[in-house]
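**Q** Based on what follows, work out the 3D shape:
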Amino acid sequence: MATNVAVARNVSRYYPAPDAPVVALEDVSVTVPSGQMTVIAGPSGSGKSTLLALLACLDRPDRGVVELDGRAVGSVSSRERRRIRRRSIGIVLPLPPDNLFERMDAAGNLAWAAKMRSGTQLASDVVETHLVAVGLVNSGAKRIRQLSGGEQLRLALACAMAGDPPLVVADEPTASLDRTNAAAMVDAMRAAADRGVTLVVASHDTHVLDRADQIVRLDHGRRVS
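**A** This next block holds a predicted model:
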C-alpha cells in the first residue's frame with residue numbers, strides 16, 4: 001500500500017444553479033496518510049461532504065485529480081468506479097439505518113460486507129473479533145432493530161472495515177448520536193486508526209477533531225488550514 005492512501009490535487013466541484021454555478025470546492029488539495037484518522041472539518045456548507053464524496057469515488061471533480069493507492073480514479077468508467085468502491089472503500093453514512101440490512105442480524109451484516117469486498121467468508125470467531133473491536137460484545141445474533149442508533153453506526157464501521165479496504169470514510173458519524181454513543185463511536189474510530197486502518201471523517205464535532213491525526217479545515221469550499 002502506498003504511504004499516502006488517497007490524494008486530491010487541486011480539486012474543484014461546482015453544482016448547477018439557475019443564475020450561476022454553486023462552488024462546492026475550489027482548488028482544494030489534501031493528502032491522506034496510511035493508518036491515520038484524517039478529519040475534514042468546517043461549518044455546514046463548507047464542502048466537507050463534497051470532498052469526502054470525491055475521495056470515496058462517489059463523485060467526480062470538475063477539475064483536479066483524485067488518486068487512491070496511487071491510481072487516478074476521477075476519469076475511470078462508472079462501472080470501474082463501482083468496482084473500486086466495492087473492493088477498496090468502506091463507507092459509513094450519517095444515518096444508522098442507511099448502512100445496514102434489517103433482514104440480517106449484526107453478524108450477517110458484517111459477514112456479507114466482508115464477502116462482497118474480498119470474496120472471503122469470515123469464520124464466526126473472526127466475525128466476533130470484528131464486533132468486539134467496535135464495542136459490540138455478544139451482539140452478533142441481534143437484529144438491527146434491537147441495536148441503538150449508536151450501536152448501529154459502530155456496526156456500520158465494523159462492516160466498512162471488513163475485508164480490509166485501503167480506505168474507510170465516514171460522513172458526520174456522530175451527528176445523530178447522544179453524547180455517550182458519540183463518545184463510543186469516536187473511541188471505535190480512534191482504535192481502528194491505531195490498528196492501522198486509514199480513516200477520513202467529515203465532521204464538525206470537536207470530540208472527533210480532538211482525536212484526529214490530521215485536520216483539514218474547509219470554509220466556503222476552500223481549504224483554510
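
**Q** I figured Arg63 hits Ala8, correct?
**A** No. Using C-beta atoms under 8 Å, Arg63 makes no contact with Ala8, being 11.1 Å away. All C-beta spots, glycine's among them, are computed from the backbone N, C-alpha and C.

**Q** Nearest residue to the middle of this protein?
**A** In the chain, the C-alpha nearest the mean C-alpha coordinate belongs to Val169, at 1.3 Å (C-alpha atoms, centre = their mean).

**Q** Excluding covalently adjacent residues, which one is nearest to Arg143?
**A** Leaving aside its sequence neighbours, Arg143 sits nearest to Asp105 (C-beta to C-beta, 6 or more residues apart in numbering; 5.5 Å).

**Q** since we're on Tyr15, how many residues are nearby?
**A** A count of nearby residues for Tyr15, using other C-beta atoms under 10 Å, gives 10.

**Q** pLDDT at Ala53, what is it?
**A** Predicted confidence (pLDDT) for Ala53: 97.

**Q** For the helix or strand hosting Ala114, give the mean pLDDT please.
**A** For Ala114, the element it lies in under DSSP states H and E is helix 106-118. Mean pLDDT, helix 106-118: 94.

**Q** counting contacts, what elements does it pack onto?
**A** Using 3 or more C-beta pairs under 8 Å, 6 or more residues apart in numbering; DSSP states H and E, the elements in contact with helix 106-118 are helix 78-88, helix 124-133, helix 149-161.
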